[in-house]
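**Q** What follows is a protein structure lacking sequence information:
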Ligand SMILES: C[S@@+](CC[C@H](N)C(=O)[O-])C[C@H]1O[C@@H](n2cnc3c(N)ncnc32)[C@H](O)[C@@H]1O
C-alpha cells in the first residue's frame, strides 16, 4: 500500500494503556451499554474490554461482569482499576476468535469498533460464532462499529484533546493518518501523538476492517446471529447516511450454527 506503510513504527497503542485512556475518554456508549446490562440482568461478557473503560461502569450496575482481552498490558490496567475501586469485574486474557469460557451470558458486548480488528473474513466469522456459542437462550449481543463513509476512509485528521489541567496541563494532539485498501476493505491507521513536554510518538500501523451497513446482516447470519436492531448513535436515533456509528443488537438465530 502507500506511503503510510513505508513509515512503519514499532509502537503499539495497546502496549500503552495510560495513553489509550487519555486518547479514548469515556463516551456515550457507557450509558447505553449500562442500561442494556440493567435490562438483561447479567451475567455480562465484554469482549475486547481493553483497560476496562466500559467494564468498570458495567460492573457498577451490580451485574456479574467478565471482561476478556488479548492484551496483557491493557488487562493489567483494567485489573489495577478494579482493585483500586474494589470492583467486582473479572478479567480474562483471551482471543475473541477462539475463547471458551464454559458458560453462557445474558449479554455479550463488543464496544468501540473493536470487532473491526478482525480484518479477515474467517476471523470475523470465528469470533461471531464464539459470541453465538456464549449467549444464553434469549441472550443479546450488543456492539458498535463505525459506519464507514467513502469520503472519510483515507482522510487525514487531527484531534486536539485538552488534558486535565490539574494533572498535566496542556493539549495532546492525536493526528490520525489513514490509508485504505478498497479490495480488503481495510483501513490502515497510524496515530501521531503530540504531548506537551515530550517528543512526538507514532503508534501503529493498526488495521481495521470497514464493515458496510448492507454486509453486516450477512456476516452475522453466517455465524448464526440475527440483527434485530441497529441505530446510528447511542441515543437510539436511526442509522442514516450521516451516522458515524452502527450501534447494533443481535440474537442467536433459532437455526444458526452453535459449534
Ligand atoms: C479500541 S480498544 C477497545 C477497548 C474497550 N472496549 C474500550 O471501549 O475502551 C480494542 C481492544 O481490542 C483488543 N483486541 C484486539 N484484537 C483482539 C482479539 N482478537 N481478541 C481479544 N481482544 C482483542 C485490544 O487488545 C484492545 O484492548
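**A** Arrived safely. Note that the structure is predicted; figures quoted are calculated from it, not measured.

**Q** give the contact list for residue 136.
**A** Counting by C-beta atoms under 8 Å, 6 or more residues apart in numbering, residue 136 touches 104-106. Heads up, the C-betas are built off the backbone N, CA and C, glycines and all.

**Q** cutoff 6 Å now
**A** 104, 106 (C-beta atoms under 6 Å, 6 or more residues apart in numbering).

**Q** again with residue 87
**A** 56, 59.

**Q** how much space between residue 85 and residue 233?
**A** Residue 85 sits 29 Å away from residue 233, going by C-beta to C-beta, to the nearest Å.

**Q** And residue 28, by the same measure?
**A** To residue 233, residue 28 is 7 Å away according to C-beta to C-beta.

**Q** Likewise for residue 191?
**A** Where residue 233 is concerned, residue 191 sits at a distance of 23 Å (C-beta to C-beta).

**Q** repeat for residue 23
**A** Distance check for residue 23 against residue 233: by C-beta to C-beta, it reads 21 Å.

**Q** and if you look at residue 75?
**A** 29 Å.

**Q** got the residues of the stretch 51-200 of the chain near the ligand?
**A** Within the stretch 51-200 of the chain, the positions adjacent to the ligand are 53-54, 69-71, 74, 95-97, 111-112, 114, 117 by C-beta under 6 Å from any ligand atom.

**Q** looking at this, residue 136 is in a strand?
**A** Yes - counting by DSSP: H, G, I helix; E, B strand; the rest coil, residue 136 is part of a strand.

**Q** ranges for the helices of this structure?
**A** All helices of the chain, identified by DSSP state H, fall at 3-6, 17-23, 29-40, 55-60, 72-85, 121-134, 216-222.

**Q** Of these, which stretch is the most buried?
**A** Of those, the one with the most neighbours on average (mean count of other C-beta atoms under 10 Å) is helix 55-60, at a mean of 23.
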